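Engineer: Next come a sequence and a model predicted from it.
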Amino acid sequence: MQNKRILIGITDSITAYKIVTLVRLLKESGAEVKVVMTPESRQFVTSSTMATVSGNPIYSDTSELSSDSHQELAQWAHIIIIAPASANTISKMATGIADNLLLTTYFSTTRPVTIAPECDLDRYEHPTTKENMKKLEEHGVYIIQPTEKKIANDQVKLISMAEPETIANVIKSLLFPWG
């Protein structure tokens, strides 16, 4: 993935810490990585950690950029991955709500976009979430399927974001569809 530019959007979900591994894998493969974090995602991983791993400044607030910089950021990337993608962010992407830097960047891009969903099972299985993901797919967003996590008594309660290695492989296949 030498010289490929990848923009990662991090939302507020417990597996946000796994994005550190994803960034490392992408950097080791030769990609340049920039990160946009929603303000809420900072509960799960720090901006300084992501800046250290990516080697680039972290973007999280529209006030940090000039008025058209979200557009420049959106067009800088060869591909955008939103991981973990919360049900809230998926809903906003599907309905046109751009209330943070990640979403304004998403709505400004002409590049391929992929998401790696994560949320509790009830939210994931809700008809509205299913409709939102179907709408995103119709708009060309590639969805990396999550895995199920079990809790006591083998009950599935969490839909977990795909592992960083899986996400990195999907990104590679999307950037290099012929191998």
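Structural biologist: Great, that's in hand.

Engineer: Double-check residue 27 against residue 33; I have them as touching.
Structural biologist: Yes - here residue 27 lies in contact with residue 33, judged by CB atoms under 8 Å, at a distance of 5.9 Å. (Each C-beta comes from the backbone N, C-alpha and C, glycine too.)

Engineer: shared neighbours of these two, anything?
Structural biologist: 54-55 (CB atoms under 8 Å, 6 or more residues apart in numbering).

Engineer: Same drill for the two, tell me which one is more crowded.
Structural biologist: residue 33 (24 against 16; other CB atoms under 10 Å).

Engineer: Contact partners for the more buried one?
Structural biologist: By CB under 8 Å, 6+ apart, residue 33 lies in contact with 5-8, 23, 26-27, 54-56.

Engineer: just residue 87 next, same as before
Structural biologist: By CB under 8 Å, 6+ apart, the contact list for residue 87 reads 117, 119, 123-124, 126, 129, 132.

Engineer: most surrounded residue in these?
Structural biologist: Among those, the one with the most neighbours (other CB under 10 Å) is residue 117, at 28 neighbours.

Engineer: Phi first, then psi, for it.
Structural biologist: Phi and psi for residue 117, reported as degrees, to the nearest 10, are phi -70, psi 150.

Engineer: Residue 88 too?
Structural biologist: Note on residue 88: its backbone torsions stand at phi -60, psi -50 [degrees, to the nearest 10].

Engineer: ok, residue 90 - contacts?
Structural biologist: Contacts of residue 90 (CB under 8 Å, 6+ apart): 115, 117, 129, 132-133, 136.

Engineer: out of these, which are inside strands?
Structural biologist: 115, 117 (DSSP state E).

Engineer: Just put the contacts of residue 90 in TSV and tack on distance to residue 89 and pLDDT.
Structural biologist: Below are the contacts of residue 90 laid out as TSV (distance: CB to CB, whole Å; pLDDT from 0 to 100):
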residue	distance to residue 89	pLDDT
115	8	98
117	9	96
129	11	96
132	10	98
133	12	97
136	11	98
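
Engineer: Count the neighbours of residue 93 for me.
Structural biologist: Using other CB under 10 Å, the number of residues around residue 93 comes to 25.
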